[in-house]
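**Student:** What follows is a protein structure lacking sequence information:
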């Protein structure tokens, strides 16, 4: 299986396991900048040069050798499951993607037909009942993750634990897992632990939120989208994420972690 979703700087200063919807655009650009002294011109996910990526065949042998030997500092980043699944809905389901089309072609028409989900019209800009549609999307996300129907789960709403575990199961070891909610502290700890060809000043690094303009803006506080049933569904899908990464399941309005991540526990439970 190798190391899907793994990026590494060309200088091999650090290795990053991408977790979708967890500041991955900003982190990717920081990796790129740390090697080249400039940002990639465009969405870092489109870059085919300047970074080693597992998706690039020429990079695989180097990534595999590095990770299995733990030759570089390896890290990843996580996010509150409530805000992550909300972000996935507004970006991937309601939003028009950067190619000018809907995400995954026929996905949205299928959701409209089978789950009654509305997305704000053809351009995603019209008024619609965001709370009702999001709760119906949660049913769909649960169906894909639990039963793999009507499709396989998408990387943007499959669990963070699932992404993170592939790195461990195939022979990798994390030196750091930090939270998007404390991004500067976590990313600074990574940068402090490595030597890079170009220094990175986090205070001057912009946030590369490539999905920000894709869809409608969230019209309500996070907690308004989650009634008792929705919270139950979210916990069913993301129980390991809440527990391992120390997020508050009981209170959707509290996006902050409630304790420290235990790396030994993560490696033990996700390496099984």
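**Tutor:** Here it is on my side, so go on. Bear in mind the structure is a predicted one, so any value in this text is a computation, not a measurement. Numbering: from 1, shown residues only.
**Student:** Could you use CA atoms for every contact and neighbour count after this?
**Tutor:** OK.
**Student:** buried set for stretch 24-40?
**Tutor:** Buried positions in stretch 24-40, judged by neighbour count with 16 or more other CA atoms under 10 Å: 24-36, 39-40.
**Student:** Just those: which are in helices?
**Tutor:** 24-36 (DSSP state H).
**Student:** Residue 5 is in contact with residue 55, correct?
**Tutor:** Yes: taking contacts as CA atoms under 8 Å, residue 55 lies within contact range of residue 5: 7.4 Å.
**Student:** quick one, which of the two is more surrounded?
**Tutor:** Neighbour comparison, residue 55 and residue 5: the larger count goes to residue 5, with 18 against 14 (by other CA atoms under 10 Å).
**Student:** quick one: contacts of the helix or strand containing residue 235?
**Tutor:** Secondary structure assignment for residue 235, by DSSP states H and E: helix 228-244. Helix 228-244 is touched from outside by 80-82, 135, 138-139, 142, 145-146, 159-161, 247-249, 261-262, 265-266, with contacts defined as CA atoms under 8 Å, 6 or more residues apart in numbering.
**Student:** How about stretch 71-85?
**Tutor:** With CA under 8 Å, 6+ apart, stretch 71-85 has contacts from 12-19, 21-23, 66-67, 156-157, 160, 164, 173-181, 190, 193-194, 222, 234, 238, 241-242, 245, 247, 252, 255-257.
**Student:** where's residue 74, which helix or strand?
**Tutor:** Going by DSSP H and E, residue 74 is in strand 73-78.
**Student:** what's the average pLDDT for the next helix or strand after that strand?
**Tutor:** Moving toward the C-terminus from strand 73-78, the first helix or strand encountered (DSSP H and E) is helix 81-88. The average pLDDT within helix 81-88 is 96.
**Student:** Ok, stretch 44-51 next?
**Tutor:** Rounded mean pLDDT across stretch 44-51 is 96.
**Student:** Return the set of buried residues in it.
**Tutor:** 44, 50, 51.
**Student:** Save those as a markdown table, and put in distance to residue 61 and secondary structure too.
**Tutor:** Output for those, formatted as a markdown table (distance: CA to CA, whole Å; DSSP: H, G, I helix; E, B strand; the rest coil):
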| residue | distance to residue 61 | secondary structure |
| --- | --- | --- |
| 44 | 21 | helix |
| 50 | 16 | coil |
| 51 | 14 | strand |
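**Student:** can you tell me which of those residues lies nearest to residue 96?
**Tutor:** Closest approach between those and residue 96, by CA to CA: residue 44, at 18.4 Å.
**Student:** quick one, what contacts the closest one?
**Tutor:** 25, 28, 29.
**Student:** can you check residue 104 too?
**Tutor:** Contacts of residue 104 (CA under 8 Å, 6+ apart): none.
**Student:** That one: helix or strand, and which one exactly?
**Tutor:** According to DSSP H and E, residue 104 maps onto no helix or strand at all.
**Student:** what do you get for residue 21?
**Tutor:** Here residue 21 is assigned to no helix or strand, by DSSP H and E.
**Student:** What number of residues are in the vicinity of it?
**Tutor:** For residue 21, the neighbour count with other CA under 10 Å is 24.
**Student:** likewise residue 152?
**Tutor:** For residue 152, using other CA under 10 Å, the count is 14.
**Student:** Can you tell me the closest non-neighbouring residue to it?
**Tutor:** residue 144 (5.5 Å; CA to CA, 6 or more residues apart in numbering).
**Student:** wouldn't that neighbour be in contact with residue 150 here?
**Tutor:** Yes: at 6.4 Å, residue 144 counts as touching residue 150 under the criterion of CA under 8 Å.
**Student:** Compare the two and say which is more crowded by neighbours.
**Tutor:** The neighbour comparison of residue 144 against residue 150 (other CA under 10 Å) goes to residue 144, with 18 against 14.
**Student:** ok so that one is a helix residue?
**Tutor:** Yes: assessed with DSSP: H, G, I helix; E, B strand; the rest coil, residue 144 lies in a helix.
**Student:** does residue 264 sit in a helix, a strand or a coil?
**Tutor:** With three-state DSSP as the criterion, residue 264 reads helix.
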